[in-house]
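**Q** Show me how the following folds:
(2 chains)
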2 protein chains.
Amino acid sequence: MVKVNENYLKLPGSYLFSTIAKKVAAYQSANPDKKLIRLGIGDVTQPLAPAIIDALHKAVDEMASAETFHGYAPDLGYEFLRNAIAKNDYQDRGCQISPDEIFVSDGAKCDCANIQEIFSQDSKVAVCDPVYPVYVDTNVMAGRAGDYIEAEEKFSDIIYMPCTKETDFAPELPKETPDLIYLCFPNNPTGSIVSKEKLQEFVDYANKTGAVIIYDAAYEAYISEPDVPHSIYECEGARTCAIELHSFSKNAGFTGVRLGYTVIPKELERGGVALHGLWARRHGTKYNGAPYIIQRAGEAVYSPEGKAQLKEQVAYYMKNASVIYNGLKDAGYTVSGGVNAPYIWLKTPDQMTSWEFFDYLLEKANVVGTPGSGFGPMGEGYFRLTAFGSYENTVEAIERIKKL
Amino acid sequence: MVKVNENYLKLPGSYLFSTIAKKVAAYQSANPDKKLIRLGIGDVTQPLAPAIIDALHKAVDEMASAETFHGYAPDLGYEFLRNAIAKNDYQDRGCQISPDEIFVSDGAKCDCANIQEIFSQDSKVAVCDPVYPVYVDTNVMAGRAGDYIEAEEKFSDIIYMPCTKETDFAPELPKETPDLIYLCFPNNPTGSIVSKEKLQEFVDYANKTGAVIIYDAAYEAYISEPDVPHSIYECEGARTCAIELHSFSKNAGFTGVRLGYTVIPKELERGGVALHGLWARRHGTKYNGAPYIIQRAGEAVYSPEGKAQLKEQVAYYMKNASVIYNGLKDAGYTVSGGVNAPYIWLKTPDQMTSWEFFDYLLEKANVVGTPGSGFGPMGEGYFRLTAFGSYENTVEAIERIKKL
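**A** Sure, this is the predicted structure:
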């Protein structure tokens, strides 16, 4: 009799956003006349930019004739896309990343979920608290997290790095030495950033201890202030300790298009084994490439037209962020984030728990957000709103919240 | 110091098709004037059918305006696609599979690579020999395969089910009881089929022993003879022991488009845990859905126009299969497959090893095939040719081989 992977059974409840989706669906079905405004999940609402639509149509046409048809993609992704990424996201910023260090994929979520596979099963994992649940849950599934301690809402073998108001929601170096360190900046869920100095501390620490940093740069396009690192490779020594993940979901609105990439520098090795080779092997064995037409859409993100149009799109969402941030602040809420990130992190009023505030907002304002406690115990008493709604809805949501 | 996943280091060499690609690239670069014909990797060459091109353009246009834009897809895939699959691939054939038992993904390769994750790490795996390498390699990576025994070209803890000429390249029930049984029919690489009676034996065996069958039906569209099962769910009792994987790569030419699906019946459970729930959790946590535009392309596969156009496309490739099969037979080769599958399996002449014949064919006929030994030790002395080339190239390749 085959047994199931019992590590899966250690996961408490369902995936956070599935739980929210079910709760919202139940409320909507019981109250069909209510107009809900969704500022919960980080899903975009603006259409794809014209340059991307054009690239998609053109690539679809190529698939219609045998001469220009494309079958299986190259293992690492098409060169035209990897070249554009290396130039625009790295070399133009002074980071020495070459195209063959880039692995194109169908999204940063898959990559950040799968990257743990190339490491030993007994690796000790450190995460920020609060944290994007995928980093923790995938390590639970792999059997690295130990047992769930209900009272603490923590896993026994995960190292949690508290990100609190006192530290501007950035982590301190962990007390216990980890093997893998997950960092995401600009941060999901708090919208906070890490300074270059602080990030350099982590890089130095990883190089000293032999840990590897998994750096999730999904929200990099939202950085508006100077001196905030856009890539971990801006730090000295990052090429020997860091893997960086990128998404096209938020900078180009690809949540329903699916494209991302992972960077593994050639000299990053542990125990004499190059991590680049391991990930290449995983890519070749378990994955079959992102669709040709979508890699062409990715290329268009870096065209002059694409860049200009997406700059406007990001500005659109950041105007929403400012509406939320300033609106809530005026209403007396304690808020942070929203300046270099599309997320606003607020303290729940009147000592409400995160889920109490979720229900309160859903029922009284018909606004959907995300309970901070869903991201980890230090998120309790906090709440995340996203800037990815339409401008009109965002303004209305804040008006409704102000009236409560 | 973090350690790498040492199971990866047990894999001998690189992924089969990566090795072939490198060998071919080296030959082509040394002989730039030679016109190679590739009948190696199972990649299609015909353009996407007009109905699919139309669906793609239409869906791209939807992504261009906020009213019809689609962000994150539902966890299991869009209902419009799951409904079409359930009706056309199952219910119309008398198999009771409902849309919510279907998980849409970016391809059968990913699914057959990832499905092992939901089972216990100590599960004993049985595979056909020869076999599609992904089933074995992914279990090696997960630490289930034991050690590689160089002399036997086998892993110590994998149960190999020989598929030989004597059994018409179908497997017998394994002597040692496995937990997971991978079956692929019509078969890659041999092009053989399994009769309904034989498949029922496996289903009964799995139900008796508590094993789970992973049934890869990627080549189902190529079945031309009656009494060949199109789905394992045609067998009685399969709903309590079988997971089925489907690809759009071969029936609709989606190798560069990426779409597939996995079926897990609701009543399939082991140790009181429903496998459907585990896979749903994996999908929700580690995956983010297939692109909207590509799910619309998948829907078009089941439209009346799509069906008619794809029937022609499959017939085109099967004409190639017949050119290869009959051409090689006339030339004195021992061949099988090619009737219900796009693969022709031939015995190498003159006691050549599979790789010797690969080099021989590459150098003397400039034809690329796949060495049978790359699929397992029982594949030694065999060779796979695929019907996915253009008709003209296929005819020329066979002419060249005949002249050797």
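**Q** all contacts plus neighbour counts: C-alpha atoms, from now on.
**A** Fine.
**Q** what does the stretch 201-350 of chain A have sitting close to chain B?
**A** For the stretch 201-350 of chain A, the contact set with chain B under Cα under 8 Å from any Cα of the partner chain comprises A:209-212, A:253-258, A:270-271, A:273, A:275, A:278, A:281, A:284-293.
**Q** count of neighbours near the nearest residue to A:N139 once chain neighbours are set aside?
**A** The spatially closest residue to A:N139, leaving aside those adjacent along the chain, is A:A145, at 6.0 Å (Cα to Cα, 6 or more residues apart in numbering or on different chains). A:A145 has 25 neighbouring residues, counting by other Cα atoms under 10 Å in any protein chain shown.
**Q** Ok, A:K87 next?
**A** Residue neighbour count, defined by other Cα under 10 Å, stands at 19 for A:K87.
**Q** Is it located within a helix, as I assumed?
**A** Yes - per DSSP: H, G, I helix; E, B strand; the rest coil, A:K87 lies within a helix segment.
**Q** for it, what are its contacts?
**A** By Cα atoms under 8 Å, 6 or more residues apart in numbering or on different chains, the contact set of A:K87 is empty.
**Q** show me where the stretch 151-300 of chain A has strands.
**A** Using DSSP state E, counting those that start in this stretch, the strands found in the stretch 151-300 of chain A span residues A:154-155, A:158-162, A:180-184, A:212-216, A:242-247, A:260-263, A:269-270, A:273-274.
**Q** packing partners for the first one?
**A** Helices and strands touching strand A:154-155, as assessed by 3 or more Cα pairs under 8 Å, 6 or more residues apart in numbering or on different chains; DSSP states H and E, comprise strand A:148-149.
**Q** which residues of the stretch 1-150 of chain A score low on pLDDT?
**A** Residues of the stretch 1-150 of chain A meeting the criterion pLDDT under 70: A:14.
**Q** rewinding a little: okay, the strands of the stretch 151-300 of chain A in a markdown table with mean pLDDT and distance to B:A59 next?
**A** Formatted as a markdown table, the strands of the stretch 151-300 of chain A follow (pLDDT from 0 to 100; distance: least, Cα to Cα, whole Å):
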| stretch | mean pLDDT | distance to B:A59 |
| --- | --- | --- |
| strand A:154-155 | 96 | 43 |
| strand A:158-162 | 98 | 43 |
| strand A:180-184 | 98 | 33 |
| strand A:212-216 | 98 | 30 |
| strand A:242-247 | 98 | 22 |
| strand A:260-263 | 98 | 21 |
| strand A:269-270 | 98 | 43 |
| strand A:273-274 | 98 | 41 |
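**Q** Redo these as CSV? Include mean neighbour count.
**A** Output for these, formatted as CSV (neighbours: other Cα atoms under 10 Å in any protein chain shown):
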stretch, mean neighbour count
strand A:154-155, 19
strand A:158-162, 22
strand A:180-184, 24
strand A:212-216, 25
strand A:242-247, 26
strand A:260-263, 24
strand A:269-270, 20
strand A:273-274, 16
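**Q** For A:A30, which of these is the nearest?
**A** strand A:154-155 (33.7 Å; Cα to Cα).
**Q** And the contacts of that closest one?
**A** Applying Cα under 8 Å, 6+ apart, the contact partners of strand A:154-155 are A:145-149, A:376-377.
**Q** which residues are contacting stretch A:224-238?
**A** Applying Cα under 8 Å, 6+ apart, the contact partners of stretch A:224-238 are A:90, A:94-96, A:193-196, A:199-200, A:203-204, A:207, A:215, A:217, A:220, A:223, A:239, A:242, A:244, A:339-340.
**Q** Report the buried residues of the host helix or strand of A:A51.
**A** A:A51 belongs to helix A:50-62 when assigned by DSSP states H and E. Counting neighbours by 16 or more other Cα atoms under 10 Å in any protein chain shown, one finds that the buried residues in helix A:50-62 are A:50-57, A:59-62.
**Q** burial measure for the residue lying closest to A:E201 once chain neighbours are set aside, as a count.
**A** In space, and not counting its chain neighbours, A:E201 is closest to A:L173: 8.0 Å by Cα to Cα, 6+ apart. Residues lying near A:L173 (other Cα under 10 Å) number 17.
**Q** how near is A:L173 to chain B?
**A** Computed as Cα to the nearest Cα, to the nearest Å, the A:L173 to chain B distance reads 16 Å.
**Q** now the helices for the stretch 51-200 of chain A?
**A** Secondary structure of the stretch 51-200 of chain A (DSSP state H, counting those that start in this stretch): helices at A:79-85, A:108-114, A:133-141, A:196-209.
**Q** To A:L346, which of the ones you listed lies closest?
**A** By Cα to Cα (comparing all of those), the closest turns out to be helix A:133-141, at 18.7 Å.
**Q** Now which of the contacts of strand A:154-155 would you call buried?
**A** When the contacts of strand A:154-155 are checked against 16+ other Cα under 10 Å, the ones flagged as buried are A:145, A:147-148, A:376-377.
**Q** Make TSV from the helices of the stretch 51-200 of chain A and add mean neighbour count and distance to A:A331 to it.
**A** Below are these laid out as TSV (neighbours: other Cα atoms under 10 Å in any protein chain shown; distance: least, Cα to Cα, whole Å):
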stretch	mean neighbour count	distance to A:A331
helix A:79-85	19	42
helix A:108-114	22	35
helix A:133-141	23	30
helix A:196-209	18	33
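**Q** okay if I get these as TSV plus distance to A:I324?
**A** Below are the helices of the stretch 51-200 of chain A laid out as TSV (distance: least, Cα to Cα, whole Å):
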stretch	distance to A:I324
helix A:79-85	32
helix A:108-114	26
helix A:133-141	24
helix A:196-209	27
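**Q** show me what contacts the residue nearest to A:S120 when sequence neighbours are not counted?
**A** Sequence neighbours aside, B:N5 is the residue nearest to A:S120 in space, at 4.1 Å (criterion: Cα to Cα, 6+ apart). The neighbourhood of B:N5, defined by Cα under 8 Å, 6+ apart, consists of A:117-121, B:141.
**Q** Relative to B:V127, which of these is nearest.
**A** Of the contacts of B:N5, the one sitting nearest to B:V127 (Cα to Cα) turns out to be B:M141, at 15.6 Å.
**Q** Wait, A:A300 touches A:I53, no?
**A** No - contact criterion Cα atoms under 8 Å: A:A300 and A:I53 do not qualify, at 9.0 Å.
**Q** Next one: the residue of the stretch 251-400 of chain A found nearest chain B, what pLDDT does it get?
**A** Relative to chain B, the nearest point of the stretch 251-400 of chain A is A:G256 (4.1 Å; Cα to the nearest Cα). Per-residue pLDDT puts A:G256 at 98.
**Q** Can you tell me how far it is from B:Q46?
**A** Using Cα to Cα, to the nearest Å, A:G256 is found at 27 Å from B:Q46.
**Q** Mind telling me what element A:G42 is part of?
**A** A:G42 belongs to no helix or strand, assigned by DSSP H and E.
**Q** ok, how many other residues are close to it?
**A** Other residues near A:G42 come to 25 when the count uses other Cα under 10 Å.
**Q** coming back round to it: the contacts of B:N5 in strands, which ones?
**A** Of the contacts of B:N5, none are assigned to strands by DSSP state E.
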